[in-house]
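# with the input below, show me the fold.
(2 chains)
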2 protein chains.
Amino acid sequence: MSAPTWLHETFDPTGSSIGFRVTKKLDEVQSPFQKIEIYESTDWGNVMLIDGAMMVTTRDNFFYHEMVSHPALFTHAAPKRVVIIGGGDCGTLREVLKHPGVESAVQCDIDEQVTRMSEKYFPELCASNGDPRAQLLFDDGIAYMRDCAPGSVDVVIVDSTDPVGPAEGLFNKAFFDSCFRALKDDGILVQQSESPLALLDLIREMRAEMGKAGFTTFQTLPFPQPCYPTGWWSVTLARKGQGFDFRQADAAAKGFETAYYSAEIHKAAQVLPPFVAKALEA
Amino acid sequence: MSAPTWLHETFDPTGSSIGFRVTKKLDEVQSPFQKIEIYESTDWGNVMLIDGAMMVTTRDNFFYHEMVSHPALFTHAAPKRVVIIGGGDCGTLREVLKHPGVESAVQCDIDEQVTRMSEKYFPELCASNGDPRAQLLFDDGIAYMRDCAPGSVDVVIVDSTDPVGPAEGLFNKAFFDSCFRALKDDGILVQQSESPLALLDLIREMRAEMGKAGFTTFQTLPFPQPCYPTGWWSVTLARKGQGFDFRQADAAAKGFETAYYSAEIHKAAQVLPPFVAKALEA
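From the prediction side, this is the model:
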């Protein structure tokens, strides 16, 4: 074990940083798309960085993976066909497949190396990769959504990196057009939507782009996420007109374990602090 | 304006760090108790550090100051006499004095230099220091609570630094004994209680110490706080037997502005994520 050192991610858009005390670099690979690094930390298990940005730690990834999955899946009346764009660490796929009603979950991440690294350093996130309902594609998510059969998908989860680099094309009208067309009429699009404190403008712009693609109702749910800038993150759900009442009884009686998500937390997350509500109404 | 650099707080107990991009050091003073530094940042306004720990930024202090004050004050039926132990930046005092029913608010911080620095670099937090109901003492909070007339206080707010250094004595049975005695029978003790992810053990131990002092009911409320380790923080309320139903109608009709707190956020904060609920039940 090496002497611990501090590894910081300095995030320019928020002018803030997040870091962990690490003991050694376990791996590094330069894929055709991005640089992936894995560190061992003293308190957070393993840490994955992509192009210098903290992506996942063993200890705290459950906040994000649960909140990007369960609110959307318990809001849809009966989600059967789910598509995950990005999500190469497979943690979202695992959460989605906890829902017994899901018949197929396609994960389409452009970078196979993210999944290979996750299999090695975050095996628990990959526990459901062998599920017969799972299909792992390593391909361009923008093209995948564009070519999807119209009205064929119940839930699209965009589990992407920040809207720079490979993920930039996942935050604009052209991509949301594809999602809108691929979704059934009662379908739900859910996208990770950055910090509701420091990146409120981005959330507002993203909702506007979703609106241009035809989505008419939106719901932004904040939650803690220590390894992302500001430690406070969000997902945004979009629908073609329906509201966001969720299957609360089903969520309360779910037959699987979660650490952060619960029916009550789902309800609580729907309450936006006054300053966020005001910014998103404007 | 100097070239921006990054200023990190590396926090050993959580093995994680928080940082801000700063442009210059505005001030530094070594008081008899601690080192206080003020920096100008690119995105967070001014930043105050005490002994290297981030205390307050202009941009994000509202989370903490609102949550350490309003839940307790709207839980008490009619809070008139409030004591703040610590709180030298005066932001908590300002929130407390937004309640028109409060007749007196004593702020007792051991370090006058914290208030002097706040007056200069966070004048908005000191806006109510001249309120005739406010009394600013620069003295030992432990002694102040020990010498308080029994049954004379409605709400004690412990707005302290981390439980090391000068604040160590604010987290044990002896101090809680004093608070218990000073409080009226329907009184409320509220204490900042660190990260509900990384410092759950500390919350549990603190509640146990409060219990030894005679408090029998507890409520821990999590909230986002970007400038503190993990970005997720909490306050813990303790009472002598009463529950935590709050004056929801009064909170909803409050005649003052808040950025984070609302009656709905208060209710939502009462919902603990499963992993926190489990740890605190144990």
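# give the contact list for A:Ala249.
A:Ala263 (CB atoms under 8 Å, 6 or more residues apart in numbering or on different chains). C-betas here are computed from N, CA, C, even on glycine.
# I meant to write A:Leu280 there.
Contact analysis of A:Leu280 by CB under 8 Å, 6+ apart lists A:Leu200, A:Ile203, A:Arg204, A:Arg207, A:Phe218, A:Thr220, A:Leu272.
# likewise for A:His76?
By CB under 8 Å, 6+ apart, A:His76 lies in contact with A:Asp154, A:Val155, A:Asp186, A:Gly187, A:Ile188.
# do you know the pLDDT at the first one?
Put plainly, it is A:Asp154. pLDDT recorded at A:Asp154 is 98.
# quick one: strands adjacent to the one helix or strand it maps to?
Per DSSP states H and E, A:Asp154 falls inside strand A:153-159. If you go by DSSP bridges, strand A:153-159 pairs up with strand A:81-86 (parallel), strand A:183-192 (parallel).
# centre-most residue in chain A?
Residue closest to the average C-alpha location in chain A (CA atoms, centre = their mean): A:Asp159, at 3.3 Å.
# number of residues surrounding the residue nearest to A:Ser152 when sequence neighbours are not counted?
Distances taken as CB to CB, 6 or more residues apart in numbering or on different chains place A:Ala182 nearest to A:Ser152, at 6.1 Å, with adjacent residues excluded. Around A:Ala182 sit 22 other residues, with neighbours defined as other CB atoms under 10 Å in any protein chain shown.
# where along the stretch 151-282 of chain A do the helices fall?
Using DSSP state H, counting those that start in this stretch, the helices of the stretch 151-282 of chain A run over residues A:173-182, A:200-212, A:248-252, A:263-269, A:274-281.
# list the buried residues in the first one.
What it means is helix A:173-182. Within helix A:173-182, the residues that count as buried by 16 or more other CB atoms under 10 Å in any protein chain shown are A:Phe175, A:Phe176, A:Asp177, A:Ser178, A:Cys179, A:Phe180, A:Arg181, A:Ala182.
# next, the angle helix A:200-212 makes with the strand holding A:Asp154.
150 degrees (axes from the mean of the first three to the mean of the last three CA atoms, to 10 degrees).
# for strand A:153-159, give me every contacting residue.
Residues from elsewhere that reach strand A:153-159, judged by CB under 8 Å, 6+ apart: A:68-69, A:72-73, A:76, A:78-87, A:92, A:96, A:141, A:145, A:170, A:179, A:182-184, A:186-192.
# name the helices or strands packed onto the helix ranked longest in chain A?
When chain A is parsed with DSSP state H, its longest helix is helix A:61-75. If you count contacts as 3 or more CB pairs under 8 Å, 6 or more residues apart in numbering or on different chains; DSSP states H and E, helix A:61-75 packs onto helix A:91-96, strand A:153-159, strand A:183-192, strand A:217-224, strand A:232-239, helix A:248-252, helix A:263-269.
# need those in JSON lines (columns: distance to A:Ser31).
Shown next, in JSON lines, are the helices and strands packed on helix A:61-75 (distance: least, CB to CB, whole Å):
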{"stretch": "helix A:91-96", "distance to A:Ser31": "19"}
{"stretch": "strand A:153-159", "distance to A:Ser31": "17"}
{"stretch": "strand A:183-192", "distance to A:Ser31": "20"}
{"stretch": "strand A:217-224", "distance to A:Ser31": "29"}
{"stretch": "strand A:232-239", "distance to A:Ser31": "25"}
{"stretch": "helix A:248-252", "distance to A:Ser31": "37"}
{"stretch": "helix A:263-269", "distance to A:Ser31": "34"}
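# so which of those is nearest A:Thr115?
Taking CB to CB, helix A:91-96 is the member of the helices and strands packed on helix A:61-75 nearest to A:Thr115, at 9.7 Å.
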